[in-house]
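K.L.:
No sequence on hand, only this structure:
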C-alpha cells in the first residue's frame, strides 16, 4: 500500500519518460539513483518495526482464506520497498510501500476499533513519520537528480 505523502517536483514524470525513450540504460541508472536517495528513509523505517506489536499477532489469522498473521518482523521489514512508476493514472512517480499483509494492517489500522486502539496504544505508525522526517532531504535529492537527468536528456537530443 503506497504511503500518502506527496512531494511535487515539476517535470519528474516527463523526464523519466524521456529517459526511457532516449536511453533505457540511463533510465535504469536514474531509478537506482532515486532508490539510493530514499534508502536512508527505508533503512530507518525497517528498523523501527516492533518485534511483536501485540501478543495475539504471533498466531495465525486467516479470514476468508487470506493469511494476515502471524506477524513475522523479518518479512514485514523486507516488504518495505521503493518503486517508480510513470503510469498515467498514478499520482506518485516514486513511492515507498509496505507489501506484507500484517505490515499493511499495522500501518493503516485506525483507532476506530479494538484492534486499532490496542496497536496504537503500544506502537506508532512507522512509514509516515519516517517519511516526514526525511522529506526535505529526499525532495532536495530528487530535484538534483531530475536536473541532472534533464541535462543528460537535452545533451542526447541535441
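P.N.:
Received, thanks. If you're wondering where the values come from, they're calculated on a predicted model, not measured in any experiment.
K.L.:
Could you pull up the residues touching the nearest residue in space to residue 100 that is not next to it in sequence?
P.N.:
Sequence neighbours aside, residue 79 is the residue nearest to residue 100 in space, at 3.7 Å (criterion: CB to CB, 6 or more residues apart in numbering). Just so you know, the C-beta spots here come from the backbone N, C-alpha and C atoms, and that holds for glycine as well. Neighbouring residues of residue 79 by CB atoms under 8 Å, 6 or more residues apart in numbering: 98-100, 103.
K.L.:
and those, which of them are in strands?
P.N.:
Using DSSP state E, the subset of those located in strands is residue 98.
K.L.:
Which element, helix or strand, includes the spatially most central residue of the chain?
P.N.:
In the chain, the C-alpha nearest the mean C-alpha coordinate belongs to residue 96, at 0.6 Å (CA atoms, centre = their mean). Per DSSP states H and E: residue 96 is located in strand 94-98.
K.L.:
hmm, who's touching that strand?
P.N.:
Residues contacting strand 94-98 (CB under 8 Å, 6+ apart): 1-3, 12, 34, 38, 41-42, 45, 76, 79-85, 104, 106-107, 127, 131, 142.
K.L.:
same question, stretch 39-59
P.N.:
The contact list for stretch 39-59 (CB under 8 Å, 6+ apart) reads 69-71, 73, 76-78, 80-82, 96, 102-103, 106, 115, 118-119, 122-123, 126-127, 130-131, 133-134, 137-138.
K.L.:
Pull out the buried positions in that stretch.
P.N.:
41-42, 45-46, 49-50, 53-54, 57 (16 or more other CB atoms under 10 Å).
K.L.:
Could you give the separation of that stretch from the chain centroid?
P.N.:
15 Å (CA atoms, centre = their mean, to the nearest Å).
K.L.:
Let me know the average pLDDT across it.
P.N.:
Stretch 39-59 shows a mean pLDDT of 91.
K.L.:
Repeat that for stretch 112-122.
P.N.:
Over the span of stretch 112-122, the pLDDT mean works out to 90.
K.L.:
Please list the outside residues in contact with that stretch.
P.N.:
By CB under 8 Å, 6+ apart, stretch 112-122 touches 50, 53-54, 106, 109-111.
K.L.:
Report the contact partners of residue 99.
P.N.:
Counting by CB under 8 Å, 6+ apart, residue 99 makes contact with 79-81.
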